[in-house]
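1. Quick one: sequence and predicted model below, then my questions.
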Amino acid sequence: MAHPTDRLYTAEHEWVLIAPGTADSDLPSKPVRIGLTTFALDALGDVVFVDLPEAGTTVTAGDACGEVESTKSVSDLYSPVTGVVAEVNQAIVDDPALIAADPYAGGWLFSVRAEATAKLLTSGEYEALLD
């Protein structure tokens with residue numbers, strides 16, 4: 001399964017819309033979007049509830065910052081970046097099933113004004129992790 005190459009991934013199956021090769025010193029000034037990979041969504045099953053960090057909240061790279069509940073389980077959501085949450089995708093909060101409909105675009109969860117990153121993987125590195 002090919003994952004978009006225009007973003008980076010975590011071993012916990014989140015993605016962040018930061019171009020591969022971007023150093024912490026070159027992080028974009030605009031907020032970066034964060035979402036779940038198709039691998040995570042396949043493992044979870046039908047998502048029925050999301051608990052996301054509120055706008056204005058500081059999240060820390062690698063730390064849990066919310067939860068995703070599905071018909072199969074409850075899983076922690078980990079932030080791939082450190083920074084302040086700029087926006088939450090209200091459409092996802094209102095209808096969590098939308099995450100699976102378009103996980104790499106309209107199914108994003110929240111955005112952060114990133115100051116630093118966790119250990120992030122390219123799409124190739126992430127796919128190798130899944131093998």
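-> Yep, it's here.

2. what ranges do the helices span in the chain?
-> Counting by DSSP state H, one finds helices in the chain at the ranges 38-44, 90-94, 98-101, 123-130.

3. As CSV, the ones you listed with mean pLDDT and mean neighbour count would be great.
-> Backbone N, C-alpha and C define where each C-beta goes, glycine included. Formatted as CSV, these follow (pLDDT from 0 to 100; neighbours: other CB atoms under 10 Å):
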stretch, mean pLDDT, mean neighbour count
helix 38-44, 95, 17
helix 90-94, 97, 13
helix 98-101, 94, 17
helix 123-130, 95, 14
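
4. To Ala23, which of the ones you listed lies closest?
-> Closest of those to Ala23 is helix 123-130, at 16.5 Å (criterion: CB to CB).

5. which secondary structure elements does that closest one contact?
-> strand 8-9 (3 or more CB pairs under 8 Å, 6 or more residues apart in numbering; DSSP states H and E).

6. right, so of the helices of the chain, which gets closest to Val68?
-> Closest among the helices of the chain, using CB to CB: helix 38-44, at 6.4 Å.

7. so how far is the first residue of stretch 105-120 from its last?
-> 19 Å (CA to CA, to the nearest Å).

8. roughly how far is that stretch from the heart of the chain?
-> 6 Å (CA atoms, centre = their mean, to the nearest Å).

9. mind listing what's buried in that stretch?
-> For stretch 105-120, a neighbour-count test (16 or more other CB atoms under 10 Å) marks 107-114, 117-118, 120 as buried.

10. So what's the residue count around the nearest residue to Leu120 once chain neighbours are set aside?
-> Residue nearest to Leu120 in three dimensions, not counting chain neighbours: Leu8, with 3.9 Å by CB to CB, 6 or more residues apart in numbering. Counted with other CB atoms under 10 Å, residues neighbouring Leu8 total 26.

11. so Leu8 makes contact with Glu14?
-> No: using CB atoms under 8 Å, Leu8 is not in contact with Glu14, being 9.5 Å away.

12. Name the residues contacting each of the two.
-> Pro80 (CB atoms under 8 Å, 6 or more residues apart in numbering).

13. Pull the contacting residues for Pro31.
-> Pro31 neighbours (CB under 8 Å, 6+ apart): 86-87, 111-114.

14. Understood, closing this out.
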